[in-house]
Structures are given as structure tokens and as C-alpha cells.
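In: One predicted model, sequence on top.
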Amino acid sequence: MSQALGVPSRRAVARVAAPAVLAAALAGWPGPARSQQAPAPVPSSSLTLIGSIGERFEATSNPLLQAGSTDVLVGEVTTPKLTIERRTPTSSLALDSQMEVSAYNLDSYDSTDNHSTLKASTQGERWVLGFNGAFDYDTTRTSEETGSGVNITGIRHTGVTLTPLALYAVTPTDSLQVQASLFNSAYADKQRYTDYRTTGLSPTWQHALSPTSALVATLMLNEYETRHGPRISIFTWSPQLGWKGDLTETLTLAVMAGYQQSSTDSPDGMQTSGQGGSNGDYNFSVLTTHRTELNTLDLRFSRQLNPQSDGTQTQALAFSLNDTYRIGPRLSAGLRAYLQQATYDSTNKQGDTVYANLSPRLSYALTDLVALDLSYQFRFQKNVSDQMARSNTILLGVTVKSDQVKIWE
């Protein structure tokens, strides 16, 4: 991400999700209880592209969330974006790439970043193959905000996420899904930050109880390892059980809970209890969505391992909210919130950090292709030394989209 702020950033989400299967098992690639069914085919093949460009002005106090800081950051961020989609009756491919070019009044905050995602899937009568990928080239000011909390401007961070998936409908009510994951995080400053990689494998069995609900069982296998300096490898396995389904026509709920056990291969070769958690610990995830013609609400509450850029993992307890309400044909209001408590040692409860982010916003569509956005953002952080920092941000932006261009149909 550029020096603009997020709630939380895509890097933060990727960092939390990379070693865990909770989100994949609950949200799934197909719908709640119908994972054994292939997605409805599109009527014909098509290739389309949509471009947009945004300009955002912002004023931020204490941009690095440092205790006692009086810095005030003022500047603008330009965000050109291109989305390319290809669809056939049995496959889909979507590439989304966004540049963020920022210019500020303070030295070393200017940055040119890129965030790209790739989603692909193909299907047969009883199977689905899929792949998700993400590439992020940003700075540690944003990449570490919900991670280590060591937010320093001007230090480059590169993140790569790869997630292949295969799903097979064993019976009309049972399906088997196998998902692999790889997340690699690298930093330009090897003294302050430690490059790391997480790899995972997650077989998941789903049994449909009805057309709108299902039981889910999964086994998560994950390894965290440092990529330079002292070698540290943390292996975690976690069996989990859950349920997901439609409570009403507009409300869905997914719940997953399990036990996790970690072991650390330290530099001296000794096996120790898992960092960021005791030898045995628990995790869970609760996801709920509410959809109406006027309102869209997503809530998540979870407890799971979060890899860090200092050769450790934390046990992160996190709550997130994302709500959008359409006030009128052109006016909408939104609220995003994120709260995280990260524990470095869950045995003695020492070394906790807290991060919070609250952002209300208003959006007004001047036309079908031009929109204005006004938002406020409050951020709070408490580090392991119990030092607290706060930040306030005002953002005003305009986004201009192009019409959808059909290369062929």
C-alpha cells in the first residue's frame, strides 16, 4: 500500500490469513451449503476491461502511530487502476492491478506502490480448480500496522501470496476441498525486519445438511520460517470443526473452532513450545453477513496465529466490521472498524499489543462514472511497553471510472 491508510490493509489480511484455513473453510469458494455444486455457467465467452483513476487528499496527525509524536502529514495519493476479466461457460480469469503514487509535505513519505490480484477458476461436472494470487509492493509504514507495529516510512516491503485450491463433489451432499497456501514477506531493511515465509496445506470435508446449511471439518497444517538471520521454524497443526448456513434470506452465519499445537525449531536445535501460543491452544472464527437492498454488513470475530517480521508469531484476537448503507439513489454511508489484540506469550499474558481503527465515510455519485468520497479515520495503538499512540485523518477523494470495454463477447 502507499502511504494512504487502510482498515485493515490487504497486507494485514493476507498476513493473518496465510497460515490459517478458517476463512477458506468458512467463506469457501462456492456458497455455504452448495460447495459440491459447480458455479452457474455464463451464457457465452467474454473479455472485458475497466479502468479508473482516483485522487485523494488527506491530512493525518501522527502518521507513524508513535507515542508522543506531533507530526502532521498532508498530501495526495493518485490511484490508477485496471481490471481485466475473461469468462467462458466453464472458467473465469480476473486480473486487478492498482498503482498508488503519493506525495506529501514530509520527507521520505512519498511512495509509488503496486497492489495486484489474480483470480482464476475452471470447472467440470463434479470438480472445481481455482487459484488466487496477490502481489504487494509497499512500505513498512502500512505493511506493519496490524503486524509488528514497527511502522517506519521509506523502507520497502514486498509480499507475495499464492493459494491454489481443488474441490471435488464426492456425493450430492459431500465434497472434499484441498487448499494450499504460500505467503512470502520480504523487507529492504534486514536489520529492523526479518524476512519470513508461511506455507500451508488444508484438506476440508463438507457435508450438506440442507440446501442452505452444512457441517465442515478441516485439518490445517502450517509452517512459519524465517528467511535470513537465525533460522526459526514453527510448525502448527490444527483440527477444526464448524457449521455454516443461511439463517434467513438475508442473514448468513459461519462458525469454526479448533485446537492448535505448535512446536518451534530454534537456532540451537531445541524443540520448544510454540511461539505466540502455548504448546496447546485454541482458535476460532465467526463470520456473519447481512444483505438487503439498502444495507450490506459483514462481521468477523476470530482468534488465530499471526506471523510477524521479528521471527515470531502472535496469537491475534481480532474483530472487524464493514457496513455500507444506501441512503438515496446517489448517496451512501459506510462504517469500517477493526480491533486487534496480539499476544506474544499466551501462557503468562505478557507482551500484548492493541491496534484499533475506526472509519466512517460518505460517498456521493455525481454520475454513473464519477464519485466523491469523504471519510474520517481514527487509529489507536498500544505497544508491548504499554506506550499508547493516537492518530486522526481526514480524507477527501474523487474517482473516475471508464465504461466497461468489451474486447469480445
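Out: Received, thanks. The shown structure was predicted, so the numbers you read here are calculated from the model rather than taken from an experiment.
In: Could you check how many residues crowd around S116?
Out: By other Cβ atoms under 10 Å, 15 other residues sit near S116. Quick note: C-beta positions are derived from backbone N, CA and C, even for glycine.
In: Let me fix that, I meant to ask about L366.
Out: 11.
In: Tell me if I'm right that it and T399 touch.
Out: No. Counting by Cβ atoms under 8 Å, L366 stays clear of T399, with 10.1 Å between them.
In: how about the strands in the stretch 1-150 of the chain?
Out: Along the stretch 1-150 of the chain, counting by DSSP state E, counting those that start in this stretch, strands occupy 46-61, 72-88, 91-104, 111-123, 127-139.
In: This protein: helices as residue ranges?
Out: Ranges of helices in the chain, per DSSP state H, are 10-17, 22-27, 140-143.
In: any low-confidence regions in the protein?
Out: Within the chain, the stretches with pLDDT under 70 are 1-43, 147-149, 267-279, 345-351, 408-409.
In: Next one: R361 from H290, what distance?
Out: Note on R361: its distance to H290, by Cβ to Cβ, to the nearest Å, is 19 Å.
In: I'd like to know how many residues surround the nearest residue to Y193 once chain neighbours are set aside.
Out: Using Cβ to Cβ, 6 or more residues apart in numbering and skipping residues adjacent in sequence, the residue nearest Y193 is Y187, 3.7 Å away. Neighbour count of Y187, defined by other Cβ under 10 Å: 24.
In: Surely Y187 is in contact with I152?
Out: No. Using Cβ under 8 Å as the test, Y187 is too far from I152 to be in contact (9.9 Å).
In: so what sits against both of the two?
Out: T140 (Cβ atoms under 8 Å, 6 or more residues apart in numbering).
In: Run through the bridge partners of L395.
Out: Counting by DSSP bridges, L395 forms beta bridges with E58, S375.
In: That one: neighbouring residues, count only.
Out: So L395, with other Cβ under 10 Å, has 19 neighbours.
In: mind starting the numbering at 22 from now?
Out: Let's use 22 as the start, then, which means that last one is L416.
In: Distance of it relative to E97?
Out: 10 Å.
In: Mind listing the shared neighbours of the two?
Out: Common contacts of L416 and E97 (Cβ under 8 Å, 6+ apart): R77, F78, E79.
In: Can you tell me which of the residues you listed comes closest to G154?
Out: Distance ranking of the shared contacts of L416 and E97 against G154, using Cβ to Cβ, places R77 first at 26.3 Å.
In: just checking, the closest one touches G418?
Out: Yes. Taking contacts as Cβ under 8 Å, R77 lies within contact range of G418: 3.7 Å.
In: residues contacting R177?
Out: R177 neighbours (Cβ under 8 Å, 6+ apart): Y158, D159, T160, T161, Y208, A209.
In: Any of those residues buried? List them.
Out: Among the contacts of R177, those classed as buried by 16 or more other Cβ atoms under 10 Å are Y158, D159, T160, T161, Y208.
In: Make CSV from those and add distance to H136 to it.
Out: Output for the buried ones among the contacts of R177, formatted as CSV (distance: Cβ to Cβ, whole Å):
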residue, distance to H136
Y158, 8
D159, 7
T160, 12
T161, 15
Y208, 17
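In: follow-up on the earlier one: which one (most neighbours) among the shared contacts of L416 and E97?
Out: Going by other Cβ under 10 Å, E79 tops the shared contacts of L416 and E97 with 22 neighbours.
In: where's it relative to V93, distance?
Out: E79 is 11 Å from V93, by Cβ to Cβ.
In: just M241 next, same as before
Out: Distance from M241 to V93, by Cβ to Cβ: 44 Å.
In: what's the answer for S164, then?
Out: On the measure of Cβ to Cβ, S164 and V93 end up 23 Å apart.
In: thinking again about what came up before, between the contacts of R177, which sits nearest T247?
Out: Y208 (11.6 Å).
In: how far out from the middle of the chain is stretch 228-237?
Out: 26 Å (Cα atoms, centre = their mean, to the nearest Å).
In: list the buried ones in it?
Out: By neighbour count on 16+ other Cβ under 10 Å, the buried set for stretch 228-237 is H228, A229, T233, S234, A235, L236, V237.
In: and if you look at stretch 111-122?
Out: Those would be T111, S113, L114, L116, D117, Q119, M120, E121, for stretch 111-122 by 16+ other Cβ under 10 Å.
In: What's opposite the third one in the beta bridge?
Out: Going back to what we said before, that points to L114. Counting by DSSP bridges, L114 is bridged to R107, A141.
In: if we can go back for a sec, for the residue nearest to Y214, which residues are in contact?
Out: T161, I176, R177, H178, T179, Y214, T215, D216, S330.
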